[in-house]
Each structure stands twice: as C-alpha cells, then as structure tokens.
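S.K.: One predicted model, sequence on top.
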Amino acid sequence: MFRLLRPLATSATYSRWLHLLIPGAVCSVWFFISTDAPWAPMVFAVPVGLLPGMRLAEGVQAQLLLTPAERGRPEAAISATTAATWADRWRTVLWLEIRLLLAAAMGFATVWLLATAVDLVLSSAGAGPSGEWLVHGVAPHWWYALLAPLPVLVLLAMVVASGELITAIARRLLGPSPVQRLTALEERTEQLLERNRIARELHDSIGHALTVAVVQAGAARAARDPEFTERALAAIEETGREALDDLERVLRVLRESGTPVGQQPTLAEADRLLDSARGSGAKIDADLSGPLEQVPGAVSREGYRILQESLTNVLRHSGAVPVRVRISITNGRLEMEVTNPLSDSMGTPGGGSGLRGIRERAALLGGKAKTGPRDGEWRVHASLPLNGLG
C-alpha cells in the first residue's frame, strides 16, 4: 500500500503533471482565438520541431520537470543539445506531436475529474451541479459527498501513470543519439585514463622524493658526519624541490585542463635521477648509449618514469646498494634495464603498485616490461617501441 502511495509524495510527480499541462495552456490561447481549426497546433509543430534549437529547449524543459534528479549529470537519459542530424529533428517533431496529444488528454481529464468531484459535493448539499458533468440531471443525495474523492483518486492515478509514460517517451525521443553516446563514452574513457596517468605521475614523483629523503636522513643520522649530513640535506632539498615542481604541474592540470603546463621530464634528464640516487648512497653503474634526446616525447617521458620508479624501488627496499643501469636504442626500440642485488624485502614478482605501473606504462606504448628476481638479482627490464605502436 505504501509503495503505491510513494509516488504521490515525490515532487517529480507534480512537476511531470505541470509538464503535461503546459502545452494545453499554450494551445488554449489558439482555441480562444479560433475554434475552426483545432488541429492547427499539430500541424504547426512540424516546422517548429525541425528547428535545431527546439530540441535544446525541449531537452532543458524535460530535464527540469521530468527528470530533475538527473539534471546536469553526464549520464542523464535526456540530453539538452541542439539537433545535429535530421534524424534528431524528426525525433523532436514526433516528440512534440505526442506531447500535444498527451497534453490534450491530461488537460481534459484534469478539468473533467476535478469538476466532477465539485459537482458531487454540490449535489450532496442540494445546490445542484455546476455544469454538464457526470451527475447532471441526477437527483441530489447526501451520500454523493462520499463519492467525491473517487474522481480525485482517479486523477492522481492518471497523473502518476501519464508522468511515467511521458518520461519514458522523452528518454526515448530526446535521449542522446548513438553518436552522442559514443562521444560521451569516449570522453569518459579519456577522463579515466587521464586520472590514472596523473595518479601514476604522483606516485612515481612523490614516492621517489620521499624515498630519497628517508634514505638520506637515515644515512646522515647513522654517519654522524657533519659534512655527510650537509650533503644529505642538500640532496633532500633538491629532490624536494623537484617533487614540488612535479606536484605543481599535476595540480595545474587538474585546475585548468585547457591550459598548457610545464614540460614533463624525459630521458634527456636521466642524469638528474642517477645523481639523486647516488646522493642517497647507492653506487650507480650507468651506461646510457644512443641519442636519447631524439627519442619521441611520449616514449622518453614514460621511460623516465620507469627509470624513476625502478630506482625508487631499489632505495625503498634495498637501500644504498650497487645498482646497474643500462639504457640503449636497439633495432628501433628503447631498451632499459635496472638491476641490483636481491634482498628479502624486494617483494614478489608482479607485486606492488609501482611495479604494476611500470608494466602499464610499457603496455600503453605497445611495449612490455618484466620485473622480478633473476640470477640472484632483482631485475627490471622494459622494451619500448620508438614509434609507440609496438
């Protein structure tokens, strides 16, 4: 019982009722001027519906009155855009014709049922009916007042049913076309990919900075050497500044998606990462061969992040240990390998979000990456096609 009455307690039910009555109010002006052509509004709706802007006006009104809870949401079932194709225009014409018919039926039912309820009350009081209604010509009785709620209940049931009907029709005829749905899906996918990329950027950059700071601070405390402590603090300061620059760049992307941001680091700046790792006490044996400055931007940026995460992984889990870095360009591919002595805390192959991020970065460029123990060492190997297509 309560489930049946629940629609009567929602504002959307009555806003839908208003939506149904608006065309009747507009058409009543025409009927007042001329009663010779009651079908004229139906004919007039055809050229009006073919106007591109009419779909936008009807969509906004339908969102506001039929589906107020969905208004402004990207996944709204009713779109508020101008007609882009002739198919959209004809769907708008059909919508206007159906809306006019339902408006006429609901307008008549509203007036007739409410007047009938009034007539029943008047007849029960002996005052006589108010016009040519249901109870006209019937002898008045007091118990007519008991029947007065029935037309009102019928009207409320019609309001709920017609509101659901017009909303379903609006979602069908004013909803986004397949092209619009595909475009929205592509935009949503791009947003999710961008968010994932930003999350990886923050993880790699901030994670590297914090790892270097922790290792440097621990080494300085253990060394108890003022000169070493000064070098450690300088390394922490430099790494912190770089992390802040990366953080500011990412935040600028989030705040102003259309504004160009600072250039992202590439493999041409790999020495910066290596010096930072050396400053943390790691013994870096680096061999960088080939024209790294000529590596395509996307490949070079992702390669820099892979190297950064690899070195961060070493410092975080193994500390100041010997690290071998090999970067070369071979057969149209960027080959990267970072190895270090295996420790108990290096984790299992495939574990950790950082290692997963390395594999994801390589896969996005059509390449592949492998991480895990090999011959007593922990090895990260990435192979990226220079054309980014694999």
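M.R.: Ah, there it is. Numbers count the residues shown, from 1 in each chain.

S.K.: Dump stretch 165-173 to CSV, keeping only the CA atoms.
M.R.: This file holds the C-alpha atoms of stretch 165-173, laid out as CSV (Å, rounded to 0.1, in the frame of the first residue of the first chain):
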residue,chain,number,x,y,z
LEU,A,165,4.7,7.5,-19.7
ILE,A,166,5.8,10.9,-20.9
THR,A,167,9.2,10.4,-19.1
ALA,A,168,9.8,7.1,-20.9
ILE,A,169,8.9,8.7,-24.2
ALA,A,170,11.2,11.6,-23.5
ARG,A,171,14.1,9.3,-22.7
ARG,A,172,13.5,7.5,-26.0
LEU,A,173,13.0,10.5,-28.3
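
S.K.: How about Ala223, nearest residue that isn't a chain neighbour?
M.R.: Using Cβ to Cβ, 6 or more residues apart in numbering and skipping residues adjacent in sequence, the residue nearest Ala223 is Thr229, 7.0 Å away. For the C-beta atoms, the positions are set from N, CA and C on the backbone; glycine is no exception.

S.K.: pLDDT score for that neighbour?
M.R.: pLDDT for Thr229: 76.

S.K.: Give me the neighbour count for it.
M.R.: 16 (other Cβ atoms under 10 Å).

S.K.: That one sits in which helix or strand?
M.R.: Per DSSP states H and E, Thr229 falls inside helix 226-255.

S.K.: and that helix, how far from the chain's centre?
M.R.: 32 Å (Cα atoms, centre = their mean, to the nearest Å).

S.K.: got the buried residues for whichever helix or strand comes after it?
M.R.: Per DSSP H and E, helix 226-255 leads on to helix 270-279 as the next helix or strand towards the C-terminus. For helix 270-279, burial by neighbour count (16 or more other Cβ atoms under 10 Å) applies to Ala270, Leu273, Leu274, Ser276, Ala277, Arg278, Gly279.

S.K.: Low-confidence regions, the chain specifically.
M.R.: For the chain, the stretches with pLDDT under 70 are 1-2, 4, 25-39, 72-75, 126-140, 178-197, 201, 249-263, 343-353, 388-390.

S.K.: which of the buried residues of helix 270-279 sit farthest apart?
M.R.: Across the buried residues of helix 270-279, the longest distance by Cβ to Cβ is 14.9 Å; it joins Ala270 and Gly279.

S.K.: on that earlier part again, looks like the residue nearest to Ala223 contacts Ala219 (just checking).
M.R.: No - with contact defined as Cβ atoms under 8 Å, Thr229 and Ala219 do not form a contacting pair (9.1 Å).

S.K.: Just the helices from this protein, written as ranges.
M.R.: Using DSSP state H, the helices found in the chain span residues 2-5, 11-33, 40-49, 52-65, 86-124, 144-147, 149-173, 178-223, 226-255, 270-279, 297-317, 353-364.

S.K.: Comparing those, which comes out most buried?
M.R.: Of all the helices of the chain, helix 297-317 has the most neighbours on average by mean count of other Cβ atoms under 10 Å, namely a mean of 23.

S.K.: Any idea which of the helices of the chain gets closest to Leu386?
M.R.: helix 297-317 (5.9 Å).

S.K.: could you say what helices and strands the closest one packs with?
M.R.: helix 178-223, helix 270-279, strand 322-330, strand 333-341, helix 353-364, strand 377-385 (3 or more Cβ pairs under 8 Å, 6 or more residues apart in numbering; DSSP states H and E).

S.K.: For Thr10, find the nearest of those.
M.R.: Of the helices and strands packed on helix 297-317, nearest to Thr10 by Cβ to Cβ is helix 178-223, at 27.5 Å.

S.K.: Regarding stretch 62-79, how distant is the last residue from the first?
M.R.: Criterion Cα to Cα, to the nearest Å; first-to-last residue distance in stretch 62-79 is 9 Å.
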